[in-house]
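1. Give me the fold of what follows.
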Amino acid sequence: MKTSKEIRQSFLDFMASKGHQIVPSAPMVIKDDPTLMFTNAGMNPWKGIILGNDPIKYPRVADSQKCLRVSGKHNDLEEVGHDTYHHTMFEMLGNWSFGDYFKKEAIDFAWEYIVDVLHIDPANLYATVFEGSPEEGLSRDDEAASIWAKHLPADHILNGNKHDNFWEMGDTGPCGPCSEIHVDSRPAEERAKVPGRELVNKDHPQVIEIWNIVFMQYNRKADGSLEPLAKKVIDTGMGFERLVRTIQGKTSNYDTDVFQPMLKKIGEICNCEYGKDEKIDVAMRVIADHIRTIAFAITDGQLPSNEKAGYVIRRILRRAVRYGYTFLNMRSAFLFQLVPQLIEDLGEAYPELVKQQAQIIPVIKSEEEAFLRTLDKGIGLLDKLMDDARKANKTEISGVDVFTLKDTYGFPLDLTELILRENGFTTNEEEYNKALEHQKEMGRSANKQDLGDWTVLAEGETEFVGYDELTCQTQILRYRKVSQKGKDFFQVVLSKTPFYAEMGGEVGDTGLLGNVRVIDTKRENNLPVHILTELPENIEGKLTASVNAERRQAIACNHSATHIIHYALREVLGKHVEQKGSFVTPESLRFDFSHFQKVTPEELRKVEQLANAIIRQNLPLEESRHTPIAEAKAMGAMALFGEKYGDDVRVIKYGPSVELCGGCHVPATGKIGSVRIVMETSVAAGVRRIEAVTAEKADEIYYMAQDTLNGLKSLFNNAPDLVNAIHRSIEENAALKKQIEQFTAEKIEQFRDQIVDRAEDFGDIKLVRLQGEQNPEMIRGVMPLLRGKFTDMKFAVVAATEFENKPTIAVFLSQPLVETGLNAGAMIKSAAKHIQGGGGGQPWFATAGGRDVNGLNSAMEELLAALK
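-> A predicted model of the protein is given here:
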């Protein structure tokens, strides 16, 4: 029986024998495509070629692509683990043809590999073809059906509807019919009773699709119409985990050697065994699936966070922790202990896992520990909700409260429901669903974007000239209208552009196209797109494109400074430092890097000093725009994990700093002026962040510090030793403060004695009335002294005083008076209305301030009346 590793390699070897270029998997996390956060299909890395934006380097390509799906048909995150064949992270074996072969070769290759190489019984195979769509004017895919007829009997070639057998990239773009290969893995006796053809695409767990062959031959326009694609594309995808299951004769993906070693490791760590209890099995499957997603995402540079892709990864990690917590009784972090097993399973196919192991483990451990603290907090909040409900004689908890627990505190819904059931409570599902739908609607409204069709004025590809010039003559190739949040914009593609499109953490350029402002430049499907609020008048003529030079210069300074800081960090902290992300704007730079402890002030000073020394050397930019990747790495060029690099790369070198980079840079380091680090913080376990400024912004930091220093000097009469002068001032202030405290304490004791001497009989109570001008702080300070003095007699103080034209009322009651039922807090709360104020306190002492001194007499009368 072939192992999973042998099956993966056999596919790549077979496709190589058919003239395909074998390429490594692209990152699972997508950094520079605003339409996608993750690679969710094998074709994602090839979108630029499919859309005609990128040149075709290899007409035939094959790979094993790591993918992630957490939404869509059969891919709801909350369902993963409950069946035997759906996953979050999965591998997609695929082969592509870009304008080379088409249906015949694609189908014949698939058949040869499945039957002749893998030896799957043809009697158990079924193929589906597109049945056609009269409303679209599309007929049945008879061409594909006739090719399949060479391999399969007629009753194994099935028609499929548009939902299953017409693939579309999105609402617009390349699309076409597809042909799926399904395998019937049921026992012979079951196959004899019910033919497999009746179970294809019926969600039967043993009759499953293993390969989808897409024939991209149309382009979907915004109005829904179809037009022929200029170059036809073959895009195939075969689910690796399902294929292994079929070859190894298993009924579950989790029973194959893809997952079994991990399930055994989970059993060892969590003291459980797979296959004994269904609830435990589900939890173990969830964990075995999710640890793959989490580790690969971190490897590709995506840390768990509360935003976008980071939020998805955090949610998946927390789901795994939750299943361990609820069903495996894991009360401490454990997922991080599974990483070595994952590397043993997949490290050979994906060596980036091995290289990033030291980063993956602490990030997962830190996230686990943080979420376990969240679980403890959530349980406390839920306990309070249940206590409040019991007091109100209710058995239903508000759905809004349950949603708040999940949305605000990250407390899982299913764990909430489990705890509620165990304690005899339910939740209002209708309220919960309304709150959830409201949140979704808010998100949809914020992100909704209406895209018009491209209006093509001329054919061609964009030539980027922005490394060498900031102004050029150009013309519009195509444009379209975009509506979002009630505003209209225009996306414009130019024949030649000096505008850098946002990528690699560097923001896009702004400037002018003719006399119209370019407010941003984005990259969509590797296509530079210029964002305008209006179109130029002469849209078909020659136009001048000019970048905002001052803004570009500031960006270039900051970007070059990230390279220099990266070098300096490795020199000061050690060679373990690697870039984990960056963000470069005209105002500042942000640089994330691997390091396992806080960078000390002394280390930061050394980093800054070394960076500025390199800047002052005015080292020239040594740029190589088309360097083979192997040669670049041999030069010592630093590559960012999670980035997709081609065979030819751009190398940026400033003296000892050598990096792969496609961004904008200064011609020599001296142009940066200087760099100032303004902040160092933690991003995640093992990842630190530096924020810094350069050039004029660095000067501003210097001037601000100089102004502060000059201001301090003037406060201390321009003392030559300012630090010692400040120390002396602090010490003198502390001594004076102590003297004042002693003096105040003496005054309060004197005030207490005066009060006691002024006591009068008020029935059976000894009463002191305070009126007129009096500092309220003295009243508040004396009360604790009175409480200690009058513990066994009825003694009261009633004050209605003013200080600096502000009224204050106060009541003190000795313990014997409190025991009679009197309450100073209630008395003050009622009387405060006379002075237009409010206040309160304890039963023995309370105060209130107000705005109307004319009400003091009335307040005094009410307080005395209450005392009677």
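2. So, low pLDDT: which residues of this structure?
-> 32, 71-76, 442-449, 640-646 (pLDDT under 70).
3. So for it, the centremost residue is which one?
-> Residue closest to the average C-alpha location in the chain (Cα atoms, centre = their mean): Gly310, at 2.2 Å.
4. Surely that one touches Ile298?
-> No: look at Gly310 against Ile298 with Cβ atoms under 8 Å: they stay out of range, at 10.3 Å. (C-beta placed from N, C-alpha, C; glycine too.)
5. residues shared between the contacts of these two?
-> Residues touching both Gly310 and Ile298 (Cβ atoms under 8 Å, 6 or more residues apart in numbering) are Pro304.
6. if I look at the residue nearest to the centre of the chain, how far off is Asp792?
-> To Asp792, Gly310 is 65 Å away according to Cβ to Cβ, to the nearest Å.
7. Likewise for Val233?
-> For Val233 relative to Asp792 (Cβ to Cβ), the value is 96 Å.
8. Look at those two and report which has more neighbours.
-> Per other Cβ atoms under 10 Å, whichever of Val233 and Asp792 has more neighbours is Val233, with 21 against 8.
9. For that one, grab phi and psi.
-> When read as degrees, to the nearest 10, the backbone of Val233 gives phi -130, psi 140.
10. for it, what are its contacts?
-> Taking Cβ under 8 Å, 6+ apart as the test, what Val233 contacts is Ile49, Ile50, Trp96, Ser97, Phe98, Gly99, Pro174, Val214, Met216.
11. Look up the closest residue to it, ignoring the ones flanking it.
-> Met216 (4.0 Å; Cβ to Cβ, 6 or more residues apart in numbering).
12. wait, is Ser25 part of a strand?
-> No: assignment of Ser25 by DSSP: H, G, I helix; E, B strand; the rest coil gives coil, placing it outside any strand.
13. pretty sure it is in contact with Gln65, am I right?
-> Yes: assessed by Cβ under 8 Å, Ser25 is found in contact with Gln65 at 4.9 Å.
14. neighbour count winner among the two?
-> Remark: of Ser25 and Gln65, Gln65 carries more neighbours, 25 against 21, as counted by other Cβ under 10 Å.
15. tell me how far the helix or strand where that one lies is from the chain's mean position?
-> Using DSSP states H and E, Gln65 sits within strand 60-68. Its chain's average C-alpha position is 24 Å from that of strand 60-68, according to Cα atoms, centre = their mean, to the nearest Å.
16. Give me the helices and strands touching that strand, please.
-> helix 4-17, strand 21-22, strand 89-98, helix 278-299 (3 or more Cβ pairs under 8 Å, 6 or more residues apart in numbering; DSSP states H and E).
17. now these in CSV, with mean neighbour count and distance to Ile726?
-> Shown next, in CSV, are those (neighbours: other Cβ atoms under 10 Å; distance: least, Cβ to Cβ, whole Å):
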stretch, mean neighbour count, distance to Ile726
helix 4-17, 17, 67
strand 21-22, 15, 68
strand 89-98, 25, 57
helix 278-299, 24, 46
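18. Including distance to Gly170, could those go into TSV?
-> Formatted as TSV, the helices and strands packed on strand 60-68 follow (distance: least, Cβ to Cβ, whole Å):
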stretch	distance to Gly170
helix 4-17	27
strand 21-22	27
strand 89-98	18
helix 278-299	23
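19. closest one to Val482 among those?
-> With Cβ to Cβ as the measure, strand 89-98 is the member of these nearest Val482 (28.1 Å).
20. strands paired with that closest one, and their directions?
-> strand 60-68 (antiparallel), strand 226-239 (antiparallel) (DSSP bridges).
21. Check which element follows that strand along the chain.
-> Criterion used, DSSP H and E; the element after strand 89-98 is helix 103-111.
22. which stretches of the stretch 751-868 of the chain form strands?
-> 760-762, 765-773, 795-803, 806-813, 838-841, 845-849 (DSSP state E, counting those that start in this stretch).
23. for these, which one sits closest to Ile397?
-> strand 838-841 (31.7 Å).
24. send the alpha carbons of the closest one over as PDB?
-> Extracted in PDB, the C-alpha atoms of strand 838-841 (Å, rounded to 0.1, in the frame of the first residue of the first chain):
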ATOM      1  CA  GLY A 838     -25.700  64.500  44.700                       C
ATOM      2  CA  GLY A 839     -23.600  62.100  46.800                       C
ATOM      3  CA  GLY A 840     -23.700  59.200  49.100                       C
ATOM      4  CA  GLY A 841     -21.500  57.000  51.200                       C
END
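25. any idea where the strands of the stretch 501-650 of the chain begin and end?
-> So, for the stretch 501-650 of the chain - with DSSP E, counting those that start in this stretch - the strands run 511-513, 516-524, 527-532, 543-547, 579-584, 589-594, 622-628, 648-654.
26. Check the burial of Lys481 by counting its neighbours.
-> Neighbours of Lys481 (other Cβ under 10 Å): 15.
27. mind checking the SS state of Asp345?
-> helix.
28. if I pick it, what's in contact with it?
-> Counted by Cβ under 8 Å, 6+ apart, Asp345 has contacts Val258, Pro261, Met262.
29. In PyMOL, select just the buried ones from the residues you listed.
-> The following PyMOL line selects those of the contacts of Asp345 that are buried, judged by 16 or more other Cβ atoms under 10 Å:
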select buried, resi 258+262
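30. between the contacts of Asp345, which is closest to Val516?
-> Among the contacts of Asp345, and counting by Cβ to Cβ, the member closest to Val516 is Val258, at 54.5 Å.
31. So what's the residue count around Phe845?
-> 21.
32. list the contacts for it?
-> So Phe845 contacts Met783, Arg787, Ala810, Val811, Phe812, Leu813, Ala824 (Cβ under 8 Å, 6+ apart).
33. Report the beta-bridge partners for it.
-> Phe812.
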